[in-house]
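S.K.: Sequence plus predicted model, see below.
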Amino acid sequence: MPHNQPGPHNPQSWRPVGAGTTVPPMREVVPYRIPLSPIERLLAARKRPTYITRCALVQRLNRILKPRSQRIVINRCRRCESEFGKYCLWDNTWKCVVRHHLDLVEVGHLLGALRRWEALLTP
């Protein structure tokens, strides 16, 4: 990566967050593609999706984000929910919200926690 382009190693591309702190920008995550087993190929070929719950998807995402010291936070109070949305991405290293108003399905597909044949079970 050239030095004049913004990126995780270029401090000029960092954005200020609060009282004198800065957070590096979130890098694009390339999903790790695991080769499909024969059973998974059959499930992918099915027309009907396999449903998973929101709790299961949050657990999968937190497992993927743990090496990066980040996690998905579920806001339960109305005040926090109006400011950050129902789900937000919390960074344990910087102790701040990195992304807010997350769409779990979109993040699940981006990080590889949600397979093509899986869908979110809405309550």
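M.R.: Structure's in. What do you need? As the structure is a prediction and not an experimental result, all values here were calculated from the model. Numbers count the residues shown, from 1 in each chain.
S.K.: Residue 62: neighbouring residues, count only.
M.R.: 14 (other CB atoms under 10 Å). Any C-beta I mention is one placed from the backbone N, CA and C, and that applies to glycine too.
S.K.: Help me confirm that it is found in a strand?
M.R.: No - counting by DSSP: H, G, I helix; E, B strand; the rest coil, residue 62 falls outside a strand, being helix.
S.K.: Make sure it is actually in contact with residue 73.
M.R.: No - with contact defined as CB atoms under 8 Å, residue 62 does not count as touching residue 73 (9.7 Å).
S.K.: Do you know the pLDDT at the most centrally placed residue in the chain?
M.R.: By CA atoms, centre = their mean, the chain has its centre lying nearest to residue 107, at 4.4 Å. What the model reports as pLDDT for residue 107 is 94.
S.K.: part of a helix, is it?
M.R.: Yes - the assignment for residue 107 is a helix, going by three-state DSSP.
S.K.: Contacts only, for the residue lying closest to it once chain neighbours are set aside.
M.R.: Nearest residue to residue 107 in three dimensions, chain neighbours excluded: residue 61, at 6.4 Å (CB to CB, 6 or more residues apart in numbering). Counting by CB atoms under 8 Å, 6 or more residues apart in numbering, residue 61 makes contact with 72, 104, 107-108, 111, 113.
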